[in-house]
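S.K.: model the structure of this input:
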Amino acid sequence: MALPNVGGGYQIADGNVNEVTITTRPQVTVITAAYTLTAADFAAGIISATSSGSYALTTPTGVQMDAAFTNAKVGSSFDLSLTHSSATNVITLTAGASGVTIVGLATVTGITSGTWTFRKTGVGTWSAYRI
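M.R.: All right, here's what the predicted structure looks like:
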């Protein structure tokens, strides 16, 4: 499949059905110890975890997420992927102090990855669904 080399817009329906959609993404966040995620980490969409031990990555609170994503409405969502390069340790995604619920398995074991869809469910409340 050839990549598009002309145009610049995105067409829905009959146009461009055989072309790949290409987007830009900020630099991947690399984390090596327990850490509270930021809006910039979410914007990157990919977190690379490396370590010599197991640790937790904590989301911001629901209110902090609302402040970071001011245009999000109930039903708005984004994905976050976590890759883990250590062979034996476990990385755990934990919810911020309030307003975030992790749904499904919250751990990523050695040499695997996990993806969560974060969905705004109300004012100051988000759910992170493991997909």
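
S.K.: can you tell me the SS state at Asp41?
M.R.: helix (DSSP: H, G, I helix; E, B strand; the rest coil).

S.K.: count of neighbours near it?
M.R.: Using other CB atoms under 10 Å, the number of residues around Asp41 comes to 20. C-beta coordinates here come from the backbone N, C-alpha and C atoms, glycine included.

S.K.: name the nearest residue to it, ignoring sequence neighbours.
M.R.: Thr29 (4.7 Å; CB to CB, 6 or more residues apart in numbering).

S.K.: and the gap between that neighbour and Ile111?
M.R.: Relative to Ile111, Thr29 is positioned 19 Å away (CB to CB, to the nearest Å).

S.K.: swap in Gln64?
M.R.: Distance, Gln64 to Ile111, using CB to CB: 31 Å.

S.K.: contact partners for the residue most central in space within the chain?
M.R.: Nearest residue to the geometric centre of the chain (CA atoms, centre = their mean): Leu80, 1.3 Å. Counting by CB atoms under 8 Å, 6 or more residues apart in numbering, Leu80 makes contact with Asp41, Phe42, Gly45, Ile46, Ile47, Thr115, Trp116, Phe118, Ala128.

S.K.: cutoff 10 Å now
M.R.: Counting by CB atoms under 10 Å, 6 or more residues apart in numbering, Leu80 touches 37, 41-47, 57, 59, 93, 114-118, 128.

S.K.: inside helices: which ones of these?
M.R.: Among the contacts of Leu80, the ones falling in helices (DSSP state H) are Asp41, Phe42, Ala43, Ala44.

S.K.: Thr29 and Ile111: which is more packed in?
M.R.: Taking other CB under 10 Å, Thr29 and Ile111 do not tie; Thr29 has more neighbours (20 against 11).
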